[in-house]
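> sequence and predicted structure, then a few things I'm wondering about:
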Amino acid sequence: LRPIPRRLGQTVLIIVGVMLSTLIISAAFGTGDTISYTIRNGALTTLAEIDEIIVSLRAGAGDNFGIDPYIPYERFEQLQAELAGNENIDGLVPHLAETVPTVNLRTSLSEGRMRVVGIPPTLLQGFGGFKSTTGKEVRLEDLGPAEAYINDKAAKELDAIPGDELQLFVGDDTVTLKVLDIVDHGGLAGRDPTLLLPLERAQGMFGKPGQINLIAVSNRGDRLAGADLSEEVTEGLRVRFTDREVASKLKTLLAEEDVSKALEEREATLTGKAQEEFSEFRAEVAQEELSDDLISFLGDRQIVENILSALEKAELKQRTAAAISLFADLGQFRVFDIKHDSLSLADQAGSGTTAIFISMALPSIGVGVLLIFLVFVMLAAARRSEMGMARAVGAKRGHMVQMFLYEGTAYALIAAAVGVVIGLGVSALILSIAKRILSGLE
């Protein structure tokens, strides 16, 4: 190791050359991991304790386009009783959710798609309560007959403060509500501009007494641990809601030779986790028995979209029409594994970003590797006299190799440490520039 401090100029040159590959890899992983963390953190903040949502697949005569179909509140109570013994679920909350134009009468600012949500105040177990932007707990029970909470997203759009009066345009009528307080967005308080009311009051406002159109599910554990149970909970719910006879007919249809070939061609066009899941789905279709895993796949929106796309591309019109009809009759409810899907998307985004940076940097990494060989060839050439004297006093060829190996390891460790630090700095710079660009587009 003595040659390292003796030849500082040469040492610096070697470290700078060797660290380039480490810098590139460090910057790539730093950027990818930061993007993944940002999306994951955003998903966890937005969804909070909500792990899955359940919506009806069957629209009624009074349902409007773009709004989840309504179901009787009694059906929710039946479901609540059925799932009472499920240890993986610690909360179910029925919603009434509609979108209406809203105006702040003080500022005259408007929000064209204010999400009005009705929630029963007594069924918040497992979801936590609501917190105002000042940090205090607020309760739906404290709302007066003409009062409401809004989230901070709605307050920003309307420039609203507590005490403002909001005018909601509900059908042909207008409803005026006073803002009692502003709550943090996320979870039951919504991701978009949202106004919160007790369920019965929202039902009366929209003329939907005794009805809901969405059920939120909270898994056991905190907002992150609950996501680990999502696949198990989602599969159980989908199996519960599925008509097995219809599922068997779908399995028979999908196992037909021409359909199977179309699905195989579709799988070849997919990548990453989507391809992996579609491959598992096709394997389940090939099994003799109808499995719970296949039923779960048939309730997955992405799988369904890929199936129908495959049939349409293969121009199997009769098979497509039959599949659409069977999917419509598959069950009354659809279960969306929203938190697990959001976290998976975050991981895919981070991995994709890392892969892009490393792919772009492969030539530079290759040059760095060649540079390492070149450096040690030059070192060996420059020290011929030293090596000759070492051999003269009894050193063997293996000893000479060990000397260069130890010295090279020291260079590599120093270069790696420097490269990681500088790579993290480059990653921070890239993210800072991206942040400025995105902020300018808002």
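That came in fine, so what should we check first?

> tell me which residues of stretch 421-434 are tucked away?
Within stretch 421-434, the residues that count as buried by 16 or more other CB atoms under 10 Å are 422, 423, 424, 426, 427, 430. Quick note: C-beta positions are derived from backbone N, CA and C, even for glycine.

> run through who's touching that stretch.
With contact meaning CB atoms under 8 Å, 6 or more residues apart in numbering, stretch 421-434 is reached by 19, 22, 23, 24, 25, 26, 27, 28, 30, 31, 34, 35.

> what's the neighbour count on the last one?
Look at residue 35: counted by other CB atoms under 10 Å, it has 19 neighbours.

> same question for the second one.
Other residues within reach of residue 22 by the criterion other CB under 10 Å amount to 21.

> do the same with the fourth one
Under the neighbour criterion other CB under 10 Å, residue 24 is assigned a count of 21.

> right, and it touches residue 362 too?
No: between residue 24 and residue 362 there is no contact under CB atoms under 8 Å: 9.1 Å.

> state the distance from the residue nearest to residue 193 when sequence neighbours are not counted to residue 277.
In this structure, residue 193 finds its nearest non-sequential neighbour in residue 154, 3.7 Å apart by CB to CB, 6 or more residues apart in numbering. In this view, residue 154 and residue 277 are 36 Å apart by CB to CB, to the nearest Å.

> please apply the same query to residue 126.
From residue 126 to residue 277 the distance is 28 Å (CB to CB).

> and for residue 305?
Taken as CB to CB, the span from residue 305 to residue 277 is 12 Å.

> so which strand or helix has the residue sitting nearest the centre point of the chain?
Central residue of the chain (CA atoms, centre = their mean): residue 342, 1.6 Å from the mean position. Assigned by DSSP states H and E, residue 342 belongs to helix 338-382.

> and that helix, what does it pack against?
Secondary-structure packing of helix 338-382 (3 or more CB pairs under 8 Å, 6 or more residues apart in numbering; DSSP states H and E): helix 8-47, strand 52-56, helix 230-241, helix 272-286, helix 397-441.

> tell me the contacts of the closest residue in space to residue 141 that isn't next to it in sequence?
Of all residues not flanking residue 141 in the chain, residue 121 sits nearest, at 4.9 Å (CB to CB, 6+ apart). Neighbouring residues of residue 121 by CB under 8 Å, 6+ apart: 139, 140, 141, 198.

> 10 Å instead?
129, 139, 140, 141, 142, 143, 198, 199, 200 (CB atoms under 10 Å, 6 or more residues apart in numbering).

> ok so it is a strand residue?
No: using DSSP: H, G, I helix; E, B strand; the rest coil, the secondary structure at residue 121 is coil, not a strand.

> quick one: buried residues of the strand with the most length in the chain?
Ordering each strand of the chain by length in residues (DSSP state E) puts strand 89-104 first. For strand 89-104, burial by neighbour count (16+ other CB under 10 Å) applies to 89-100, 102-104.

> one step back: just the ones of the contacts of residue 121 in helices?
Secondary structure defined by DSSP state H assigns 199, 200 of the contacts of residue 121 to helices.

> among the contacts of residue 121, name the buried ones.
140, 143, 198, 199.

> follow-up on the earlier one: which non-adjacent residue is nearest the residue nearest to the centre of the chain?
The nearest residue in space to residue 342 (CB to CB, 6+ apart) is residue 43, at 3.7 Å.

> in contact with the one you found, which residues are there?
Applying CB under 10 Å, 6+ apart to residue 43 gives the contacts 191, 223, 227, 338, 339, 340, 341, 342, 343, 344, 345, 346.

> what pLDDT does it get?
At residue 43, the pLDDT value in this model is 84.

> how far away is it from residue 341?
Relative to residue 341, and taking CB to CB, residue 43 is found at 9 Å.

> and for those two, which residues touch both?
The contact sets of residue 43 and residue 341 overlap at residue 227 (CB under 10 Å, 6+ apart).

> thinking again about what came up before, could you check the angle the helix holding residue 342 makes with strand 52-56?
140 degrees (axes from the mean of the first three to the mean of the last three CA atoms, to 10 degrees).

> and the next helix or strand past helix 338-382?
Counting by DSSP H and E, what follows helix 338-382 is helix 384-392.

> wait, isn't residue 130 in contact with residue 152?
No: contact between residue 130 and residue 152 fails when scored by CB atoms under 10 Å: they sit 11.6 Å apart.

> which of those two has more neighbours?
Shown here are residue 130 and residue 152; by other CB under 10 Å, residue 130 has more neighbours (21 against 18).

> tell me the contacts of residue 350?
Contacts of residue 350 by CB under 10 Å, 6+ apart are 29, 31, 32, 33, 34, 35, 36, 37, 38, 39, 40.

> sounds good, over and out.
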